[in-house]
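Student: here are the coordinates; sequence isn't available:
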C-alpha cells in the first residue's frame, strides 16, 4: 500500500495542485572546448569539442551565442576565456560573493540547497533507459507490444499497475537490499573513476488517452511509498513526470501537441531525437512538491490507472483506453567535488564559478578556480545538435 499521496487535476489543458563499482574508461576531450566558426559584432557560432556539457551538448554540436549580455545569470551556458587556454563552454553555477558547496552530488549556495524546478530538470536530467516495453514489468491490465504499453478499462475501479522492472536497470543492491543506481555516463565511451550512487531518479512518459464514453481516468505515479495522482478528463496526449528530486517528491502533468510545431517537438521526443529526458513544452514549476526523508528510496517506481465513476455516463459507454508510447527512466545530474576532495569554494566579488554539465568529463572551476566576469565572452542562445545543423 502506498503510504501517502497527493493529487493534481488535468482538465482542458490545465494542470493544478490539489491537495560501488568502477568502470575502466578513458575520457577524451574532457575540457569541453569550443572551436571558432564565425564571429560577428553580436552573434557567433562555435563547434563543441568533447563531452563536458553532455548530454545536452556533445562532440560536434553547434551553438549560437551572443556577446550582448549585461551579466551572466545562474545556469546560463557561457563561452569564456580560460587563462592561458582556449575558449571553453561551461555553465554558471556560482556568483560573486557566494559560498558554493558540493555534497553527495548536490549543490548548496550559502548553505541553501539548489533545488531544481521542472524546466531545470529538463536540462540536467539524464535518460538512463527509454524503451517503453522493455523497461516496465506488467502487473495487471497492461499489454506490451511494439515498444508500447496499452491499457483498456475492464469496467471496474481497480488500479492496474505498470512497475519499473529492476532487472532492466544498471543497478546493484545496497546493504539493506535497496537498489543503488550509479552516476555513469553512457555517452562516454571511456571513463576511469569510482562511480557514486545517485539519490534522485524518476519516470517520464507521454500517455495517449482515449476517454471513450467520457469517464475520467486517474493516473497515479508512484515513487517509493509516495505517489501523485493525475485526473484526466477528456482525450488527448498528456505528459506525466514524477520522481524523487533534491529530497522531494515532485510531479507534473501537461497536455502535449495540438499544433504543427508542438506535434513536431513531440514526435522528435518520442523518436529519441531530442536529448532531454522530459517531454517537451512543460511548465516551469512542479505541480506537486512534497519533502521526503533524505534516506528514502525512489523504488518502486510505477504508473497505475483506473476509471473514476461519472454520474452522467451509463455503464455501457465505451471503455477508456491508454497507450504509453515512450517511458523514460531518468536520473538527476550528480555533481562531483574536485578529485583531491575539495568540495567548498568561496567566490570573490566580480567572479563566477563555472561547471560542466557532465562532471566526470569536465575540467572547470573545480580545477582552475573562479573566473572574472570579464572572462565571459558571451551567452549561448541556441543549440544545434549535429544532425540538426542548418
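Tutor: Happy to help now that I have it. Owing to the predicted nature of the structure, the values given are computational and were not obtained by experimental measurement. Numbers count the residues shown, from 1 in each chain.
Student: low-confidence ranges in the stretch 51-200 of the chain?
Tutor: 132-134, 138-139, 155-156, 170-171, 173-178 (pLDDT under 70).
Student: How many residues are close by residue 285?
Tutor: 12 (other Cβ atoms under 10 Å). In this view, the C-beta of every residue, glycine as well, is placed from N, C-alpha and C.
Student: Kindly apply the preceding question to residue 116 instead.
Tutor: Residue 116, neighbours per other Cβ under 10 Å, totals 22.
Student: correct me, but it touches residue 122?
Tutor: No. Using Cβ atoms under 8 Å, residue 116 is not in contact with residue 122, being 9.2 Å away.
Student: Spatially, which residue comes closest to the residue nearest to the spatial centre of the chain, not counting chain neighbours?
Tutor: Nearest to the geometric centre of the chain sits residue 125, at 2.5 Å (Cα atoms, centre = their mean). Counting by Cβ to Cβ, 6 or more residues apart in numbering, residue 125 lies nearest to residue 277, which is 3.9 Å off, once chain neighbours are set aside.
Student: Make sure the one you found is actually in contact with residue 204.
Tutor: Yes. With contacts counted by Cβ under 8 Å, residue 277 reaches residue 204, the gap being 5.9 Å.
Student: what is in contact with these two at once?
Tutor: 125, 328, 330 (Cβ atoms under 8 Å, 6 or more residues apart in numbering).
Student: Make TSV from these and add distance to residue 159 and secondary structure to it.
Tutor: Formatted as TSV, the shared contacts of residue 277 and residue 204 follow (distance: Cβ to Cβ, whole Å; DSSP: H, G, I helix; E, B strand; the rest coil):
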residue	distance to residue 159	secondary structure
125	27	coil
328	22	strand
330	23	strand
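Student: nearest to residue 149, of the residues you listed?
Tutor: Residue 149 lies nearest to residue 328 out of those, by Cβ to Cβ, at 12.9 Å.
Student: Any idea how many residues pack against the closest residue to residue 235 other than its chain neighbours?
Tutor: Distances taken as Cβ to Cβ, 6+ apart put residue 211 closest to residue 235, at 4.5 Å, once the chain neighbours are dropped. Using other Cβ under 10 Å, residue 211 has 21 other residues around it.
Student: ok, residue 211 to residue 106 distance?
Tutor: 41 Å (Cβ to Cβ, to the nearest Å).
Student: Which elements pack onto the longest helix along the chain?
Tutor: Taking DSSP state H as the criterion, the chain has its longest helix at helix 260-270. When contacts are defined as 3 or more Cβ pairs under 8 Å, 6 or more residues apart in numbering; DSSP states H and E, helix 260-270 packs onto strand 201-210, strand 321-331.
Student: residues of the next helix or strand after the last one that come out buried?
Tutor: Next in sequence after strand 321-331, counting helices and strands by DSSP states H and E, comes strand 344-346. Residues residue 345 are the ones in strand 344-346 that count as buried (16 or more other Cβ atoms under 10 Å).
Student: Which strands border strand 344-346, and is each parallel or antiparallel?
Tutor: strand 99-103 (antiparallel) (DSSP bridges).
Student: that older thread, quick check: phi and psi on the residue nearest to residue 125?
Tutor: phi -70, psi -20 (degrees, to the nearest 10).
Student: count of residues packed around it?
Tutor: Neighbours of residue 277 (other Cβ under 10 Å): 25.
Student: Pull up the gap between it and residue 328, please.
Tutor: 5 Å.
Student: cool, residue 148 as well?
Tutor: 14 Å.
Student: ditto for residue 359
Tutor: 21 Å.
Student: What of residue 221?
Tutor: For residue 221 relative to residue 328 (Cβ to Cβ), the value is 13 Å.
Student: intersection of neighbour lists for those two?
Tutor: With Cβ under 8 Å, 6+ apart, residue 221 and residue 328 have common neighbours residue 203.
Student: Walking through the stretch 51-200 of the chain, point out its helices one by one.
Tutor: 118-124, 132-135 (DSSP state H, counting those that start in this stretch).
Student: Let me know which of those helices is the nearest to residue 48.
Tutor: helix 118-124 (15.6 Å).
Student: And the closest one, what does it pack against?
Tutor: strand 236-245, strand 248-255.
Student: Quick check, pLDDT for the spatially closest residue to residue 208 that is not a sequence neighbour.
Tutor: Once flanking residues are discounted, residue 208 sits nearest to residue 323: 4.5 Å by Cβ to Cβ, 6+ apart. With respect to pLDDT, residue 323 scores 93.
Student: re earlier: so for residue 148 and residue 328, which sits in the more crowded spot?
Tutor: More crowded of residue 148 and residue 328, by other Cβ under 10 Å: residue 328, with 25 against 15.
Student: wait, what's in contact with the more buried one?
Tutor: By Cβ under 8 Å, 6+ apart, the neighbours of residue 328 are 127, 129, 130, 203, 204, 205, 277, 278.
Student: Please determine how far it is located from residue 106.
Tutor: 22 Å.
Student: can you check residue 299 too?
Tutor: 20 Å.
Student: next one: residue 131
Tutor: Applying Cβ to Cβ to residue 131 and residue 106 gives a distance of 29 Å.
Student: tell me the domain ranges of the protein?
Tutor: 4-19+117-167+198-331, 33-112+341-388 (automatic domain parsing).
Student: Tabulate these (CSV), appending distance to residue 179.
Tutor: Formatted as CSV, those follow (distance: least, Cβ to Cβ, whole Å):
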stretch, distance to residue 179
domain 4-19+117-167+198-331, 5
domain 33-112+341-388, 16
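Student: closest one to residue 384 among the helices of the stretch 51-200 of the chain?
Tutor: Closest to residue 384 of the helices of the stretch 51-200 of the chain, according to Cβ to Cβ: helix 118-124, at 16.1 Å.
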